[in-house]
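> Got a sequence here, can you model it:
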Amino acid sequence: MYTSFFGFKEKPFQLVPNPAFLYLSRGHEEAMAHLEYAIANGDGFAAITGEVGTGKTTLCRAFLDRLEATAEAFAKASDETSAKATIEAAYIFNPRLNATQLLQAVNDEFGLPAASESNKELIDTLNRFLLARKQAGGQVLLLIDEAQNLSPEVLEQLRLLSNLETSTNKLIQIILVGQPELDQLLASRQLRQLAQRITLRCRLVPLSRNETGDYIRHRLRLVSQGPGAVFTAGAIRAVHACSRGIPRLINIVCDRALLTAFTLERYKITAPLVRRAIRELGPTVAPHHRPRRAPLRLLGPAALVALLFLLFQPSPTRHDDPEPNRMVPVEEAAGPLSFSVPPSPPLGEPIAELIDETIVGTVAEPVAEVIAEPMAEPLAEIASPTEETAVAVPAVPVAPLEPQALASRLQTLDRLTSRRTAIRQVLAMWGVDPEESIDPEAVPDDAAFFRLTAGRHAMLIYRADGDLARLARLNLPAILILRPPGEPEPRYVVLNAREEEKISLLDGGGSFPVHEEELAAFWPGEAYIPWKDFRILSGTIPYRTSEDAVLALKLLLNDLGYPGLPPGPDYDEATRRTIVAIQARHGITEDGIVGSATKIALYNEDQRLAVPHLGHPAGRADRHRETGGLE
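Here you go, the predicted model:
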């Protein structure tokens, strides 16, 4: 879905044990060295253990891919130049077998007769094969993955297999790979004979934070054909804090973060974006997710001292917030950075609970990490808002209303029906009559459902996260995802008008007014905006776009009253300055990059287009049909 946007050859964080993606951390490199040492020295048994998701299977497959090089190195070290030494391997990855089935599986892997139900016949067949391979100067390896699932009876059969030997060498080498439960199994009295024969043991450990960053960059380098995506230092810290350095969880979080960045048309993956991806994943990573900590880089010295004082107060109880703040970074927003300070709690509460976490677009660092790490950032950077600064929250909060009326209305809606109704209503405002809509049950993901439905009518979907002020600047009808407290499923309504603090929403029963503070109790800030690319400004200008799109952009700017731009398909400095000025006027990040938000702003400036704005929710569709999109 996002590979072409980032310029990837393939997805970098797939959950498959592809040895081409193996990142040799210190622990993985040590494990690989143990395996190669076991082969070179002819040890009968070796064991590799590691927690779920630490990359054991990927390591096994990479090791098997390197067997030929390992065999050549072994032959060279043994001065066996008369014949090229080879290593023939059997890989068992589904060990839930009894002793007979295991022998059959091993013989089958080596291409030997395996139909017999007699253990003796199977072992005799295997023994003849092993002797022949030994006489030819080769080695035979049996590698069993997920070995913690082996029964004691099967492990005892493996011990007996290791008895196949000559007076000087083992005929078969066995490597067991499994979870820590394998160590517990081998420690039992019943298997003490087998445990004594395991001469090499290695334990895979999770990645450190630095290794997590190297792991992410390693995978991105393997698939990138251009600048690609960039994970900031804060994003890497957030990934490591959630995953605890377990590669499988790193893959899950990074893949979701890239998908989220794609929907927001971002190339830089930041800490707030990663935290949002973690929230969307929910229980998938929740057991490993550490609560967010407040950013201290923006606090003054006095506030920092106060917080450190509170940190070392006794904390008898911890009250974790079951509903983390769902505010996410606002894309392409402008305005001063601001944050609110909650009422002072009693001394003794954990410091993580004392700081309001509505600051968005900044890196949230655990307090302990901030204390332990040197304060290396320049003071100028600490004092100045970054490019990811969010829109300021209102300085004077308004007392929230009791949201009884809206709650009662939402109870009459259901998830799938309200989602389908919402997209149909917004498309109708654009003059589109979606006669056939996609079955909402067939596409459970909201973004995919809206994108596919809009795409059938040459419309696009822009995901805008933030607040109503941001939606007001975009000035287009938006689908709001409301989450009633205590309800497992969201509801969908349309924001079809907003003037000052007056808001009009639309559902299957018609339009109805609400107050901003009333809506805030149900809306965490997630919205989808259908829009139309009238001039086919494809791609993200100037990145990953066509010359025709740049020419179309210059023609549009000329029509909007920005003449004198140099002709030609180059995205020149004059054009970039013009875009920056338009972005500044519309409250968009002034980066000169023409993404979805900037395109929407450009079309909003074109008075000839029939665009259903929030200030004029009615009367535009008929005019759109009559004029074909132009007034």
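> contact partners of stretch 5-13?
2-3, 21, 219-220, 222-229, 250-252, 254-255, 258, 262, 265, 267, 544 (CB atoms under 8 Å, 6 or more residues apart in numbering). Every residue, glycine included, has its C-beta placed from N, CA and C.
> ChimeraX command to pick out the buried ones of those residues?
To isolate the buried members of those in ChimeraX, using 16 or more other CB atoms under 10 Å:
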select :21,219,220,223,224,228,229,250,251,252,254,255,258,262,265,267,544
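> Gly55 is in contact with Pro19, correct?
No. Contact criterion CB atoms under 8 Å: Pro19 and Gly55 do not qualify, at 10.3 Å.
> out of these two, which sits in the busier spot?
Gly55 (27 against 15; other CB atoms under 10 Å).
> Identify the residues contacting the nearest residue to that one once chain neighbours are set aside.
Sequence neighbours aside, Pro247 is the residue nearest to Gly55 in space, at 4.7 Å (criterion: CB to CB, 6 or more residues apart in numbering). Taking CB under 8 Å, 6+ apart, we find Pro247 in contact with Tyr23, Gly53, Thr54, Gly55, Thr58, Leu207, Tyr215.
> run the last query once more with 7 Å
Gly53, Thr54, Gly55, Leu207, Tyr215 (CB atoms under 7 Å, 6 or more residues apart in numbering).
> ok, now Thr58?
Neighbours of Thr58 in contact, by CB under 7 Å, 6+ apart: Pro17, Pro19, Leu22.
> so what are the domain limits for the protein?
Residue ranges for the domains of the chain, per automatic domain parsing: 3-15+208-288, 26-204, 295-396, 404-531, 547-608.
> hang on, the earlier thing: from the contacts of stretch 5-13, which ones fall inside strands?
Judged by DSSP state E, strands contain none of the contacts of stretch 5-13.
> element containing Pro524?
Assigned by DSSP states H and E, Pro524 falls within no helix or strand.
> I'd say it and Leu482 touch.
No. Between Pro524 and Leu482 there is no contact under CB atoms under 7 Å: 8.6 Å.
> For those two, indicate the residue with more neighbours.
Under the neighbour definition other CB under 10 Å, Pro524 and Leu482 were set side by side, and Leu482 has more, 23 against 17.
> Look at that one and report its pLDDT.
Note on Leu482: pLDDT of 92.
> Please apply the same query to Ser118.
The model's pLDDT for Ser118 equals 92.
> show me what contacts it?
Not one residue lies near Ser118 by CB under 7 Å, 6+ apart.
> What backbone torsions are found at it?
Taking degrees, to the nearest 10, you get phi -100, psi 120 for the backbone angles of Ser118.
> which non-adjacent residue is nearest the residue minimising distance to the centre of the chain?
The residue lying closest to the centre of the chain (CA atoms, centre = their mean) is Arg256, at 2.5 Å. Among residues not flanking Arg256 along the chain, Ala277 sits closest, at 4.0 Å (CB to CB, 6+ apart).
> Compute the number of surrounding residues for that neighbour.
26.
> so what's it scoring on pLDDT?
At Ala277, pLDDT is 90.
> Next up, the contacts around Val594.
Taking CB under 7 Å, 6+ apart, we find Val594 in contact with Leu537, Thr540, Ile541, Leu553, Ile579.
> low pLDDT regions in this protein?
Filtered on pLDDT under 70, the chain yields the residue ranges 1, 43, 68-85, 226-228, 283-404, 435-437, 500-501, 616-631.
> so Ser538 makes contact with Ser546?
Yes. Counting by CB under 7 Å, Ser538 touches Ser546, with 6.2 Å between them.
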